[in-house]
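**Student:** Turn this into a model:
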Amino acid sequence: MLYITKDGHVDAGSRIKLKIIPNIESGKLDKVNGIVVHQTGGSTAEGAFASYQQPKANGAHFLIDRDGQIYQTASLYRVTNHVGHLKSRCIETHNCSSAELKAAGQIRGVKNLSRFEQQKDFPRRFPSNADAIGVEIVGRPVSGEGENAIYETINDQQNDSLRWLVKELANTLSVSMNEVYKHPQVSYKVKTEAGTAKW
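**Tutor:** Reported below is the predicted structural model:
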């Protein structure tokens, strides 16, 4: 179990270094229903930290560097924008009622489908920005372009840290391990992002 301060910061000694970047924090995070694992798209932690400082930046609650060092970049009590447009959970899991399937089939565009999904209560939808913890792993695409780009392989140190962090977050926040996802599973992202992540 992790010790979380009143500010939503994890006190885990050197295992997690605090590097809170208020710029990526937005509304209050009342309930955590899932964890979404990402890759940064860049080659260094410093590059990710710099991007988090930009106006209207997106970011996640944690970042795992190439050497396995974990940084907490946002409070566990604050929302960060890391998920993007939600896919339809019932379509992705082949579990739609006929009414849901019909309604979803009439919606045009990713943004509109995401808005439709956001109106659903969890667990009828995937975890979203409003109820998911984001974990970024330093790593970038090494070939290809667009949604078919190929991300570099996540190394053993990163995966070891990811396993530990996901287990501790899930236990501490009462999140089912079935609600831990690679980014492209829940949103419209590069298909190989976090493809080699292991927890």
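**Student:** what stretches of this protein score poorly on pLDDT?
**Tutor:** Counting by pLDDT under 70, the chain shows no low-confidence range.
**Student:** Can you give the contact residues for the longest helix along the chain?
**Tutor:** Longest among the helix segments of the chain by residue count, using DSSP state H, is helix 156-173. With contacts defined as CB atoms under 8 Å, 6 or more residues apart in numbering, helix 156-173 is touched by 1-2, 4, 12, 15-16, 32, 35, 37, 62, 64-70, 76, 133, 135, 137-139, 154, 175-177, 180, 196-199. C-beta coordinates here come from the backbone N, C-alpha and C atoms, glycine included.
**Student:** repeat that for 6 Å
**Tutor:** 1-2, 32, 35, 64, 67-68, 70, 137, 177, 180, 197-199 (CB atoms under 6 Å, 6 or more residues apart in numbering).
**Student:** CA atoms of that helix as PDB?
**Tutor:** C-alpha atoms of helix 156-173 as PDB (Å, rounded to 0.1, in the frame of the first residue of the first chain):
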ATOM      1  CA  ASP A 156      13.300  -4.200 -18.400                       C
ATOM      2  CA  GLN A 157      13.900  -1.400 -15.800                       C
ATOM      3  CA  GLN A 158      10.900   0.500 -17.000                       C
ATOM      4  CA  ASN A 159       8.700  -2.600 -17.000                       C
ATOM      5  CA  ASP A 160       9.900  -3.600 -13.500                       C
ATOM      6  CA  SER A 161       9.000  -0.100 -12.200                       C
ATOM      7  CA  LEU A 162       5.600  -0.200 -14.100                       C
ATOM      8  CA  ARG A 163       4.800  -3.600 -12.500                       C
ATOM      9  CA  TRP A 164       5.500  -2.300  -9.000                       C
ATOM     10  CA  LEU A 165       3.700   1.000  -9.600                       C
ATOM     11  CA  VAL A 166       0.500  -0.500 -11.100                       C
ATOM     12  CA  LYS A 167       0.300  -3.100  -8.400                       C
ATOM     13  CA  GLU A 168       0.700  -0.500  -5.600                       C
ATOM     14  CA  LEU A 169      -1.700   1.900  -7.200                       C
ATOM     15  CA  ALA A 170      -4.300  -0.800  -7.800                       C
ATOM     16  CA  ASN A 171      -4.100  -2.000  -4.200                       C
ATOM     17  CA  THR A 172      -4.100   1.500  -2.700                       C
ATOM     18  CA  LEU A 173      -6.900   2.900  -4.800                       C
END
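**Student:** Can you tell me how far D131 is from K6?
**Tutor:** D131 sits at a distance of 20 Å from K6 (criterion: CB to CB, to the nearest Å).
**Student:** okay, these two: which has more neighbours?
**Tutor:** The neighbour count for D131 versus K6, taken as other CB atoms under 10 Å, is higher for D131 (19 against 6).
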